[in-house]
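Enquirer: Starting from these lines, generate the structure:
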Amino acid sequence: PRSEVEAVTALGFSHMASATDSMWLLVGHASGGLAVWDLQKRPARLVTTIAGQHNLPVTHASFFPGRGTSQAITSDRRGRLVSHTITMPLTMLGRVNVTSKPVMDGGLGVIANVYHLSPFKVPTADAALAAALARSSAGGAPAAGKTLEAAQQQVPDKAQKQRVGDGIAAVCSTTGLHITLFRSNGEMINLFSVPRAEGTRSGAMPTAAWLPHARRGAPPPLIRTGYVPGSQGESSV
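Expert: Have a look, this model is predicted:
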């Protein structure tokens, strides 16, 4: 039988962008230990373990959307936040390398959760597309669909869409809501914070959700915040 310290306290799946991406599960334990499992293997295979980063129960574990299995973040009951960079071996016989970097050690209070903003693309070349459209129409009057298609081919893909939001997350803690940027090297930059609202019940933990960005021309994602109901079953938004 497993001991109490081996109890699972946090789970986080990797994000699969294509059929060839791995599906990993990051597991946090009551002992503070971490384990990464490959769920595409039958049976599931232990990829690696991460020790020495937490000495209290892990309260959060997640992979960054858009970064596959290369970067994850964990936190524990004290508010210690650690970024993990995972490097796959170059050969089948090599070992998975994990570089862990503490980015916060209780400065934000107890961390309830980390909500990642999924990276999205926004148009960045409307003017260039309009110019290309005018050029493609100058020689005649083709069908509208063909005109747009011809114009888009004249604008580089990189110029048509720009990927934004990579590494941005909402960190919810007892001190408030903190919008942060996590760089690929593990560095964390606090962009801005929303402090706890006056009159918030003591011990209440904040929560948040990103409003999806799903259509061209839509405004950037918004974030909705509130507080998880306390033991009395009350909440405020």
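
Enquirer: Would you mind measuring from the nearest residue to residue 46 once chain neighbours are set aside to residue 61?
Expert: Leaving aside its sequence neighbours, residue 46 sits nearest to residue 37 (CB to CB, 6 or more residues apart in numbering; 5.9 Å). The C-beta positions use only the backbone N, C-alpha and C, and glycine is treated the same way. Relative to residue 61, residue 37 is positioned 12 Å away (CB to CB, to the nearest Å).

Enquirer: Low-confidence bits of this structure, can you list those?
Expert: Where the chain drops to pLDDT under 70, the residues are 1-5, 17, 90-94, 121-163, 213-237.

Enquirer: all helices for it, in order.
Expert: Secondary structure of the chain (DSSP state H): helices at 126-137, 144-153, 157-160.

Enquirer: So which of residue 37 and residue 61 has more stuff around it?
Expert: residue 61 (25 against 17; other CB atoms under 10 Å).

Enquirer: Let me see the contact set for the residue nearest to residue 27 when sequence neighbours are not counted.
Expert: Once flanking residues are discounted, residue 27 sits nearest to residue 35: 4.7 Å by CB to CB, 6+ apart. Taking CB atoms under 8 Å, 6 or more residues apart in numbering, we find residue 35 in contact with 26-27, 29, 46, 48-50.

Enquirer: So in terms of bridging, what pairs with residue 35?
Expert: residue 27, residue 49 (DSSP bridges).

Enquirer: Please report the distance of it from residue 24.
Expert: Counting by CB to CB, the gap between residue 35 and residue 24 amounts to 10 Å.

Enquirer: One more: residue 13?
Expert: As judged by CB to CB, residue 13 and residue 24 stand 7 Å apart.

Enquirer: shared neighbours, those two?
Expert: Residues touching both residue 13 and residue 24 (CB under 8 Å, 6+ apart): residue 63.

Enquirer: Compare the two and say which one has the larger neighbour count.
Expert: Neighbours were counted for residue 13 and for residue 24 using other CB under 10 Å; residue 24 has more, 24 against 13.

Enquirer: Make sure that one is actually in contact with residue 39.
Expert: Yes: in this structure, residue 24 is within contact of residue 39 by CB atoms under 8 Å, at 6.9 Å.

Enquirer: before we move on, back to that, distance check, the residue nearest to residue 27 against residue 165.
Expert: Taking CB to CB, one finds residue 35 at 29 Å from residue 165.

Enquirer: Could you do residue 80 as well?
Expert: Residue 80 is 26 Å from residue 165, where distance means CB to CB.

Enquirer: Neighbour count: the two, which is higher?
Expert: residue 80 (23 against 20).

Enquirer: residue contacts, the residue nearest to the more buried one when sequence neighbours are not counted?
Expert: Distances taken as CB to CB, 6+ apart place residue 105 nearest to residue 80, at 5.1 Å, with adjacent residues excluded. Residues in contact with residue 105 (CB under 8 Å, 6+ apart) are 78-81.
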